[in-house]
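Q: What follows is a protein structure lacking sequence information:
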């Protein structure tokens, strides 16, 4: 970003000491992108539900996709049209394109939301590029402890569900969100660390749910970052983390505990970032990041019974679910990404000042579902007319994908008021359907394989970008933007 600072010096008033103060501008007067930046201080003061979705949702052009949703619509696009990034590396889910990783709010240093007019560095999006920048350690020893808590005595609801004996909302287990961070130096001016932990718990029953069968939702997040200055020109960051969660399905009087889902999983993630300063005008950035997860949708009680659904219960009303879980799933997914960029500033070159940026990006993702009609391969259901048994084989489904891209960006300051943002990007993406073993009803391989497709689709796309930013007014606090791409 470019900060405009107007200084007027009067020689007769210059003294031996000069103090210059200023604030970070909320408006980048050199960018044609509709961008919103939030710092950690702003995020601390903003009343939210302690998640970064709420923070991003207050950005211009962004909205949550429904109440308590974990997906965002950006500039009229659908939820799969955004590009999710952490420290500049994409972390979008390979199968859905939506956000996958979550964050301890106290590890976030800055949030960047780049919409229409985003530079060519950001591609494969029609909504917004959503980047979370994480904190790092410094020479000063700093830490934080935050605790949020409420219980049933602080909750009330006017909603009453007359069709159930459990007619009201109830906070069965107290809500608690406790997080702690600590950062400092291992060796001053050379090696720094930052660690964090978050413990999140919530147990609630919405109208229609039996409070005695509620299981507590749990999330634990562990983060660590090691930052080093190899020498005056080379910097290195290493970040690792783990998210573990248990998210039991909703409890109600129509679904027995053994037939309820519980979504359980763990997501380890890692990232490596290297910066090298060639000169006061040129520097290199290289980043690698990856994550891999295994998530299960299985019975809350561990039941391996066949599922049973009664669509015509004797007393009427909604269907009743018992036995084990209907269509249990084990989902494995992950991705690896690498990017390298070179930035160079050239002043008084080709009729103006230029910020050039050239880069290349590589990505590989995968996803695999293991699905079965129920734990036994069979489920039963009853209608007003008869009873049925459905037999089905468990199976795998999934994908692999590979992509690479290169781009060139130029932020051209034509005058002290007019900046042109020019860019060109090329993306190549390939979708692959792997071969999977055909399974027996008990889940064991049959010895035969379902063939896949080495190249289910190939997609190539050129993406030109053009935008401008023009400063209006004497105070340089108003900017007129335009972009097409």
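A: Cool, the structure landed. Every value quoted in this text rests on a predicted model; they were computed, and no experiment measured them.
Q: what residues are up against residue 374?
A: Neighbouring residues of residue 374 by CB atoms under 8 Å, 6 or more residues apart in numbering: 305, 306, 307, 323, 324, 325, 326, 327, 328. Bear in mind the C-beta positions are built from the backbone N, C-alpha and C, glycine included.
Q: So it versus residue 304, what's the distance?
A: Applying CB to CB, to the nearest Å, the value for residue 374 to residue 304 is 9 Å.
Q: got any residues that touch both of these two?
A: Counting by CB under 8 Å, 6+ apart, the residues touching both residue 374 and residue 304 are residue 324.
Q: Now list the buried members of the contacts of residue 374.
A: Listed as buried from those are 305, 306, 307, 323, 324, 325, 326, 328; burial here means 16 or more other CB atoms under 10 Å.
Q: and the gap between the first one and residue 440?
A: Going from residue 305 to residue 440 by CB to CB gives 19 Å.
Q: Next up, the contacts around the residue nearest the centre of the chain.
A: For the chain, residue 99 is the residue whose C-alpha lies nearest the centre (CA atoms, centre = their mean; 3.8 Å). For residue 99, the contacting residues are 53, 70, 71, 72, 82, 84, 91, 92, 93, 130, by CB under 8 Å, 6+ apart.
Q: Let's see that with 7 Å instead.
A: Taking CB atoms under 7 Å, 6 or more residues apart in numbering, we find residue 99 in contact with residue 84.
Q: What strand or helix carries residue 176?
A: Element membership of residue 176 [criterion: DSSP states H and E] is strand 170-187.
Q: Could you list the residues in contact with that strand?
A: With CB under 7 Å, 6+ apart as the test, strand 170-187 has contacts from 50, 104, 106-107, 135, 137-152, 155, 191-205, 211, 214, 216.
Q: just stretch 150-160 next, same as before
A: Contacts for stretch 150-160 (CB under 7 Å, 6+ apart): 167, 168, 169, 170, 171, 174, 175, 207.
Q: The same query, at a cut-off of 6 Å, please.
A: By CB atoms under 6 Å, 6 or more residues apart in numbering, the residues outside stretch 150-160 that reach it are 167, 168, 169, 171, 174, 175, 207.
Q: for those residues, which one is nearest residue 389?
A: Nearest to residue 389 among the contacts of stretch 150-160, counting by CB to CB, is residue 207 at 34.2 Å.
Q: Quick check, the closest one in contact with residue 161.
A: Yes - between residue 207 and residue 161 a contact is recorded at 3.5 Å, counting by CB atoms under 6 Å.
Q: which residues are in contact with both of the two?
A: Both residue 207 and residue 161 are in contact with residue 167, where contact means CB under 6 Å, 6+ apart.
Q: re earlier: before we move on, what's the pLDDT of the residue nearest to the centre of the chain?
A: Residue 99 is assigned a pLDDT of 75 by the prediction.
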